[in-house]
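# Have a look; sequence and predicted model below, questions after that.
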Amino acid sequence: MAELGRWGIEGRFGVIDFKPLQRATFVGLVLQIAMYALGHYSDWVQANVFGFGGMMISASAGYLYAMDRGRGWFASATGGAIAGGICGLAGIALSVLLGDTVQSFIATGATISVFVGAVGGVFGQMAANLRAIGR
């Protein structure tokens with residue numbers, strides 16, 4: 001019994017491994033929620049941190065996924081895009097619900113989060129390759 005349907009034994013579907021994806025997305029969600037909640041009470045955080053901070057958190061989620069898994073460039077970029085997009089979308093949606101961001105920014109912000117998550121995944125794959133060389 002080598003496979004359990006299309007999901008497989010390890011919880012994989014195609015190139016995505018869901019266990020590292022869940023961990024990376026959870027870390028990104030916690031950081032996004034903390035940043036946007038802090039920004040709700042601080043005008044300085046809203047003005048100076050929301051843009052770059054949101055992108056950096058999404059990129060870090062992508063990096064964490066790829067660094068944890070390291071299964072190739074495409075898989076790392078894809079998983080990073082998913083992790084970065086989910087946590088970025090959730091953070092922006094929270095900011096819209098709190099009234100700190102306009103609703104029309106949801107699509108743009110989610111697209112940016114997906115892109116920087118994929119870039120973070122590529123850098124995570126580089127780090128995984130360097131770690132493998134060092135062994």
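Cool, the structure landed.

# any idea which helix or strand comes after the helix or strand harbouring residue 30?
Element membership for residue 30 (DSSP states H and E) is helix 18-41. Counting by DSSP H and E, the element after helix 18-41 in chain order, helix or strand, is helix 43-48.

# And the helix holding residue 30, what does it pack against?
Under the contact definition 3 or more C-beta pairs under 8 Å, 6 or more residues apart in numbering; DSSP states H and E, helix 18-41 sits against helix 43-48, helix 50-69, helix 73-97. Where C-beta positions appear, they are placed from N, C-alpha and C, glycine not excepted.

# what helices or strands is the shortest one leaning on?
Other helices and strands packing on helix 43-48, by 3+ C-beta pairs under 8 Å, 6+ apart, are helix 18-41.

# what's the angle from the helix it packs on to helix 50-69?
Helix 18-41 and helix 50-69 are oriented at 160 degrees to each other (axes from the mean of the first three to the mean of the last three C-alpha atoms, to 10 degrees).

# which parts of helix 18-41 are buried?
20-21, 24-25, 27-29, 31-33, 35-37, 39-40 (16 or more other C-beta atoms under 10 Å).
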